[in-house]
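>>> Pasting the sequence and the predicted coordinates here, then a few questions.
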Amino acid sequence: GHFLQEMNATARKLGMSRTNWANPHGLSNTNNLSTAEDVAKLTMHCMKNTRFREVVATKAYNCAYYQ
């Protein structure tokens, strides 16, 4: 779908030349491909975002769960 096209286009813009996403959630699919180098490129891009940095720096978080 369109979302996957955008994901893969963004990967190319970030220089992730060996990455292909086949579904938006990343769960088991043999066509989801990447490399450690490409994941590092994505991580470096994400770390530019203040909120992302806060989330990944959080060691523990308590939240309520309601059914």
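Alright, I've got the coordinates. What you see is a predicted model; the values in this text were computed from it and never measured.
>>> Can you tell me the SS state at the spatially most central residue of the chain?
For the chain, the residue nearest the mean C-alpha position is residue 42 (6.7 Å; Cα atoms, centre = their mean). Following DSSP: H, G, I helix; E, B strand; the rest coil, the label given to residue 42 is helix.
>>> Tell me the spacing between it and residue 4.
Counting by Cβ to Cβ, to the nearest Å, the separation of residue 42 from residue 4 is 16 Å. C-beta: built from backbone N, CA, C; applies to glycine.
>>> distance between the ends of stretch 42-52?
This stretch, stretch 42-52, spans 12 Å end to end (Cα to Cα, to the nearest Å).
>>> Could I get the buried residue list for that stretch?
For stretch 42-52, burial by neighbour count (16 or more other Cβ atoms under 10 Å) applies to residue 42.
>>> which outside residues touch it?
11, 14, 16, 19, 53, 56 (Cβ atoms under 8 Å, 6 or more residues apart in numbering).
>>> Now intersect these with the helices, please.
11, 53, 56 (DSSP state H).
>>> Who wins on neighbours among those?
residue 11 (19 neighbours; other Cβ atoms under 10 Å).
>>> Might one say that it is in contact with residue 19?
Yes: counting by Cβ atoms under 8 Å, residue 19 is a contact partner of residue 11 at 4.7 Å.
>>> any shared contact partners between those two?
38, 42.
>>> returning to that earlier point: just flag the most distant two among the contacts of stretch 42-52.
19 and 53 (22.1 Å; Cβ to Cβ).
>>> just to revisit the earlier point, let me have the contacts of stretch 42-52 in a markdown table, adding distance to residue 37 and pLDDT as columns.
Compiled in a markdown table, the contacts of stretch 42-52 are given as follows (distance: Cβ to Cβ, whole Å; pLDDT from 0 to 100):
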| residue | distance to residue 37 | pLDDT |
| --- | --- | --- |
| 11 | 12 | 97 |
| 14 | 11 | 98 |
| 16 | 8 | 98 |
| 19 | 10 | 96 |
| 53 | 21 | 98 |
| 56 | 19 | 96 |
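>>> can you put those in a markdown table and add distance to residue 29?
Output for the contacts of stretch 42-52, formatted as a markdown table (distance: Cβ to Cβ, whole Å):
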| residue | distance to residue 29 |
| --- | --- |
| 11 | 15 |
| 14 | 21 |
| 16 | 17 |
| 19 | 13 |
| 53 | 29 |
| 56 | 25 |
